[in-house]
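J.: please find the sequence and the predicted model below.
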Amino acid sequence: MSKIPEHINVKILGDIKKHLNPDLKYILAKLFGIHTLTTIITLAICPQFGFQFFKTSLNLMHYFMKFGQDFCDFACGTFFTATSFFIALFVISRDELRVLKYNKFLAVSSVILISIGFFAIMSPQIFFELSLLWIFGATIGATLALEIGIRLQLAKFY
């Protein structure tokens, strides 16, 4: 029986380590890409702060406003971020999800800050319209979606 050459052994172990411990920067970039795509979808059916990429017959904001402005702000923020995280659960790998599990605060706050930055770039008066309830809803939506997804995805494997 021949012995495996050292350089091959090191490469295999390195590949396994890289696969089991994905880079957080890569995962956050992937999450940002997913969020960018889902933003187009969510803003099409729930326009926020006057943004709607294309008009659809479904307008969730119309239904949310029936319960008042405060509820609408909260529900729109929740829907906006929760959608991104739920879609991400189908795209990211189990190992990437495990890394996100231990970096929830960073992942959630990054998505929310990027979203606020996008709205601010597109419309500088956003700071007058931005509601703490929207931020609270966005935080709750992203956190719950991530937590539920982690529990569901990782439960399949244990």
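T.: Perfect, thanks for sending it.

J.: okay, CA-based contacts and neighbour counts for the rest of this
T.: Fine.

J.: what about the protein, any weak spots by pLDDT?
T.: Along the chain, segments meeting pLDDT under 70 span 1-2, 126-129, 154, 156-158.

J.: who are the packing partners of the host helix or strand of Ala44?
T.: In this assignment (DSSP states H and E), Ala44 forms part of helix 24-45. Contact partners of helix 24-45 among helices and strands, from 3 or more CA pairs under 8 Å, 6 or more residues apart in numbering; DSSP states H and E: helix 69-91, helix 94-101, helix 104-122.

J.: winner for burial among those helices?
T.: For those, average neighbour numbers computed from mean count of other CA atoms under 10 Å are highest in helix 69-91, which has a mean of 21.

J.: let's see it as CSV, backbone CA atoms only.
T.: The C-alpha trace of helix 69-91 is given here as CSV (Å, rounded to 0.1, in the frame of the first residue of the first chain):
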residue,chain,number,x,y,z
GLN,A,69,-49.6,53.9,9.2
ASP,A,70,-47.8,52.4,12.2
PHE,A,71,-48.8,48.9,11.3
CYS,A,72,-47.9,49.5,7.7
ASP,A,73,-44.4,50.7,8.6
PHE,A,74,-43.8,47.6,10.8
ALA,A,75,-45.3,45.1,8.3
CYS,A,76,-43.5,46.6,5.3
GLY,A,77,-40.1,46.4,7.1
THR,A,78,-40.9,42.8,8.3
PHE,A,79,-41.9,41.7,4.8
PHE,A,80,-38.9,43.4,3.1
THR,A,81,-36.2,41.7,5.1
ALA,A,82,-37.9,38.4,6.0
THR,A,83,-38.4,37.7,2.3
SER,A,84,-34.7,38.1,1.6
PHE,A,85,-33.7,35.7,4.5
PHE,A,86,-36.3,33.1,3.5
ILE,A,87,-35.1,33.1,-0.1
ALA,A,88,-31.5,32.9,1.2
LEU,A,89,-32.3,29.7,3.1
PHE,A,90,-32.8,28.0,-0.2
VAL,A,91,-29.6,29.3,-1.8
